[in-house]
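Peer 1: Coordinates for the following, if possible.
(2 chains)
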Amino acid sequence: MSKVLVVTSGKGGVGKTTSTAAIGAALAQSGEKVVVVDFDVGLRNLDLVMGAERRVVFDLINVIQGDAKLHQALIRDKRIETLSILPASQTRDKDALTTDGVAKVIAELREKFDWVICDSPAGIERGPAMAMHHADIAIVVTNPEVSSVRDSDRIIGLLDSKTERAMRGERVEKHLLITRYDPARAARGDMLKVEDVLDILSIPLLGIIPESQEVLKASNIGVPVTLNNPETAPARAYQDAVRRLRGETVPMSIPQERRSFVERLFGRRVA
Amino acid sequence: MAFVITPEAPLAAWLDALRAQSTKAPGFFAGRPVIVDCAMLKPDSEGVATLLTDLEAIGLGVIDVENAADIPGADPWKRPLTGGRQTGLVEIKPREAPKPGVATSAPAGGAPGLIVEDNVRSGQSIVFPQGDVTILGSVSSGAEVLAGGSIHIYGALRGRALAGAQGFAKARIFCRKLEAELVSIDGFYQTAEDMDAALRGGAAHIWLESGRIMISAQR
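Peer 2: Got it, this is the predicted structure:
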């Protein structure tokens, strides 16, 4: 049974595309057939983060408008055989996403893949609405700060009212992914606490991804962070999240600030 | 507070405008005493004979007619105070929550309450002018609940709650955790800025007393 998963947030810059790439790659590595679909028509990024930008010929809009067949637009990942990407169009805008067209593409993807992961654009307009419309599962990406949390709350409301499942009276399964969690700032109280975010959003926690240079590095060279350096803290956190997504029980740990003994000894006074 | 209205000729057009106003803001005249000032009317103006019944049909509770010596059917201060709510003696106890057991439901007798089983998320609004609203979850920052009667929130109130929105001053708001952006009863409101910081984060009971929003902590 294939699943349609939307990665969404409301707010921009919280890590939707990075998370889509990391989770897509980790899922595919476990042997599942995965496609990541970029819904950010006009501002496509997923191809860059996935390192597929030089192989884009056709895109989602071409398929929706019948200018290309789906298999022509799908790009097979060079590193993982079971991973594909369907890029967005950079030259069009979100109005090109027709309801019927998106429904047809998603139905076709459902037949070919185990997981259809839709990378939602920011906002609450047509783009995000189309990206979430067919979702069975939603990953709500949130940074531990008030504006991001409120926007996520808005998105959860839309997931519960505007999606196909909601209209059928069913529920979209929702998971919270906290990204850019900075243990040092959390320790200083400069960030919302994990329990506060959970209290406000009250959906189950899928994972906490620590803020890390590794994420930026991986994005810049076009490799999902879970493939680039699987031993780093963010890569491990994404892998754990994927295992939870597949139904495994993995203990949750809140990233802690790691400091050496000497740093701990002098850290506070020197600073 | 009573409204004084001054009908003008032609009365048909004036009544139409009033009807439109009343449809736009259904609670505007609800339960408010209205005084009709007939200074602008002549006894023989068209429609004067039916003016009072027309006003009542729109839903205005006319208690008096002024400057109407020549207008038929208008006996000053002879009209009964109908449609008023039973209030009884007003008990004033400053800085103390009203006793339990006092009616807090909307005046419309037997009006059904609305129960919302989920959280009210940011950007959503629950509007229920007919009566009380009960929310089993939380009301998020940026969400809004508007009730004709009282509002009961079993989770946290982080957004806005507007009770007694149709002019019902006895409406109240209850919540398990007060982190509201704004609370309002019968049009009187208080923003987070003006709330006592000591009350924030705890269970709260909010009511209106002589035009002031009162908040007390609940155990």
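Peer 1: OK, contacts around A:Arg244?
Peer 2: Residues in contact with A:Arg244 (Cβ atoms under 8 Å, 6 or more residues apart in numbering or on different chains) are A:175, A:206-207, A:250. In short, each C-beta sits where N, CA and C put it, glycine included.
Peer 1: Correct me if wrong: B:Ala163 contacts B:Glu144.
Peer 2: No - counting by Cβ atoms under 8 Å, B:Ala163 does not reach B:Glu144; the two are 11.9 Å apart.
Peer 1: Spatially, what comes nearest to B:Ser138 if we skip its sequence neighbours?
Peer 2: Among residues not flanking B:Ser138 along the chain, B:Gly155 sits closest, at 3.2 Å (Cβ to Cβ, 6 or more residues apart in numbering or on different chains).
Peer 1: buried sites along the strand or helix carrying the one you found?
Peer 2: Using DSSP states H and E, B:Gly155 sits within strand B:151-157. Across strand B:151-157, burial judged by 16 or more other Cβ atoms under 10 Å in any protein chain shown covers B:151-153, B:155-157.
Peer 1: circling back to that earlier point, out of the contacts of A:Arg244, which are inside strands?
Peer 2: A:175, A:206-207 (DSSP state E).
Peer 1: By neighbour count, which of these wins?
Peer 2: Scoring the ones in strands among the contacts of A:Arg244 on neighbours with other Cβ atoms under 10 Å in any protein chain shown, the highest-scoring entry is A:Gly207 at 27 neighbours.
Peer 1: what helix or strand does the closest residue to chain B within the stretch 1-150 of chain A sit in?
Peer 2: The stretch 1-150 of chain A approaches chain B most closely through A:Arg150 (5.2 Å), counting by Cβ to the nearest Cβ. Here A:Arg150 sits within helix A:146-159, counting by DSSP H and E.
Peer 1: Tell me if the following helix or strand past that helix is near chain B.
Peer 2: Next in sequence after helix A:146-159, counting helices and strands by DSSP H and E, comes helix A:164-167. No - Helix A:164-167 lies out of reach of chain B by Cβ under 8 Å from any Cβ of the partner chain, never closer than 11.5 Å.
Peer 1: List of residues touching helix A:164-167?
Peer 2: A:133-136, A:159-160, A:171-172.
Peer 1: count of residues packed around the nearest residue to A:Arg126 once chain neighbours are set aside?
Peer 2: Of all residues not flanking A:Arg126 in the chain, A:Lys94 sits nearest, at 4.6 Å (Cβ to Cβ, 6+ apart). Neighbourhood size, A:Lys94 [other Cβ under 10 Å]: 21.
Peer 1: Retrieve the pLDDT associated with A:Lys94.
Peer 2: pLDDT recorded at A:Lys94 is 89.
Peer 1: which residues does it contact?
Peer 2: A:41-42, A:121, A:125-127, A:130.
Peer 1: Give me the below-cutoff pLDDT ranges for the chain.
Peer 2: Just so you know, I chose chain A. A:257-271 (pLDDT under 70).
Peer 1: not what I meant, chain B
Peer 2: Under the criterion pLDDT under 70, the flagged ranges of chain B are B:1-2, B:24-32, B:69-111.
Peer 1: Look at the residue of it found nearest chain A and say how many residues are nearby.
Peer 2: Going by Cβ to the nearest Cβ, chain A is nearest to B:Arg121 of chain B, at 3.0 Å. Other residues within reach of B:Arg121, judged by other Cβ under 10 Å, total 27.
Peer 1: for chain B, what spans make up the strands?
Peer 2: Taking DSSP E as the criterion, chain B carries its strands at B:3-5, B:33-37, B:61-66, B:114-116, B:125-128, B:133-135, B:144-147, B:151-157, B:160-163, B:173-178, B:182-185, B:188-191, B:204-209, B:212-217.
Peer 1: distance between the third one and the chain's centre?
Peer 2: Mean C-alpha position of strand B:61-66 versus that of the full chain (Cα atoms, centre = their mean, to the nearest Å) differs by 20 Å.
Peer 1: List the buried residues in that strand.
Peer 2: Within strand B:61-66, the residues that count as buried by 16+ other Cβ under 10 Å are B:61-65.
Peer 1: again, but for the fourth one
Peer 2: For strand B:114-116, the neighbour count (16+ other Cβ under 10 Å) marks B:114, B:116 as buried.
Peer 1: Show me how far that strand is from its chain's centre.
Peer 2: Distance, centroid of strand B:114-116 to centroid of chain: 20 Å (Cα atoms, centre = their mean).
Peer 1: what's it packed up against?
Peer 2: Applying 3 or more Cβ pairs under 8 Å, 6 or more residues apart in numbering or on different chains; DSSP states H and E, we find strand B:114-116 packed against strand B:125-128, strand B:133-135.
Peer 1: The stretch 151-271 of chain A: helices as residue ranges?
Peer 2: With DSSP state H, counting those that start in this stretch as the definition, the stretch 151-271 of chain A shows helices at residue ranges A:164-167, A:183-188, A:194-201, A:213-220, A:225-228, A:233-245, A:261-270.
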